[in-house]
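Student: only geometry, no sequence info:
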């Protein structure tokens, strides 16, 4: 009976409430599914044992019926020989066999009720198991989505992004300073040589390249 009570506890359990209270819903539903699977195996094993017991009882009833028929024949033989005492003794033994057969039939009826209940339990367990597995897939997908959203928020609002923007601003200030120095150098000064002009262009290109690389790296992180 313990197995069947255990199955009924699962039927009565409010899975939604259990998941709402769980710190790790995915782990909780895995445990629920394992419990259902183990209970289903035990209920089926119990039903198999019950069926085997019924078959053994029916074989025993058949033997008792054969034995009762044998006592009937012995009682008839005793009467035909004038031994009423032996006939009565044979009929008493026949009655014992018949009573035992009746008792076994009653036990078989009780086991039939238990089998019917276990069949109903198995059907309900299978339905609960299908529902739990469907819920498991949904929960895993929702958890993965939530975790991905959390990672994205951490990436966009975390210190790494702040640091990248700080370095980005530093590079812009360096560009401003380089441009300001170039402009200041030209104030009141003699015309610069061609080599100096090309050197400034190369220096400016290097800074611009570094700035462009930083922008691209930042864009990849945000993507």
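Tutor: It's in. If you're wondering where the values come from, they're calculated on a predicted model, not measured in any experiment.

Student: now do the longest helix out of those in the chain, average pLDDT.
Tutor: Determined from DSSP state H, the single longest helix within the chain is helix 84-157. Helix 84-157 shows a mean pLDDT of 83.

Student: tell me what it is packed against?
Tutor: helix 2-12, helix 15-21, helix 25-80, helix 194-222 (3 or more CB pairs under 8 Å, 6 or more residues apart in numbering; DSSP states H and E). Bear in mind the C-beta positions are built from the backbone N, C-alpha and C, glycine included.

Student: for residue 169, find the nearest of those.
Tutor: helix 194-222 (10.6 Å; CB to CB).

Student: wait, what's in contact with the residue at minimal distance from the centre of the chain?
Tutor: Central residue of the chain (CA atoms, centre = their mean): residue 30, 3.3 Å from the mean position. By CB atoms under 8 Å, 6 or more residues apart in numbering, residue 30 lies in contact with residue 136.

Student: and it, how far from residue 136?
Tutor: 7 Å (CB to CB, to the nearest Å).

Student: residue 171 too?
Tutor: For residue 171 relative to residue 136 (CB to CB), the value is 49 Å.

Student: residue 39 too?
Tutor: Relative to residue 136, residue 39 is positioned 17 Å away (CB to CB).

Student: repeat that for residue 210.
Tutor: According to CB to CB, residue 210 and residue 136 sit 50 Å apart.

Student: and for residue 104?
Tutor: Counting by CB to CB, the separation of residue 104 from residue 136 is 46 Å.

Student: equivalent analysis for residue 57, please.
Tutor: As judged by CB to CB, residue 57 and residue 136 stand 42 Å apart.

Student: on that earlier part again, more crowded one of residue 39 and residue 136?
Tutor: residue 39 (21 against 16; other CB atoms under 10 Å).

Student: I'd guessed the more buried one sits against residue 124; true?
Tutor: No: using CB atoms under 8 Å, residue 39 makes no contact with residue 124, being 10.7 Å away.

Student: quick one on the thing from earlier: which neighbours do residue 30 and residue 136 share?
Tutor: When contacts are counted by CB under 8 Å, 6+ apart, residue 30 and residue 136 have no shared neighbour.

Student: list the contacts of residue 126.
Tutor: Taking CB under 8 Å, 6+ apart, one finds residue 40 in contact with residue 126.

Student: rerun at 10 Å
Tutor: Listed by CB atoms under 10 Å, 6 or more residues apart in numbering, the contact set of residue 126 reads 36, 40.

Student: thought residue 91 was touching residue 73?
Tutor: No: the pair residue 91 / residue 73 is not scored as a contact, 11.5 Å apart, by CB atoms under 10 Å.

Student: more neighbours: which of these two?
Tutor: More crowded of residue 91 and residue 73, by other CB under 10 Å: residue 91, with 17 against 12.

Student: mind listing what the more buried one touches?
Tutor: By CB under 10 Å, 6+ apart, the contact list for residue 91 reads 68, 71, 72, 74, 75, 78, 79.

Student: cool, residue 167 as well?
Tutor: The contact partners of residue 167, by CB under 10 Å, 6+ apart, come to 214, 217, 218.

Student: how about the residues you listed in JSON lines, adding distance to residue 118?
Tutor: Formatted as JSON lines, those follow (distance: CB to CB, whole Å):
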{"residue": "214", "distance to residue 118": "70"}
{"residue": "217", "distance to residue 118": "65"}
{"residue": "218", "distance to residue 118": "64"}
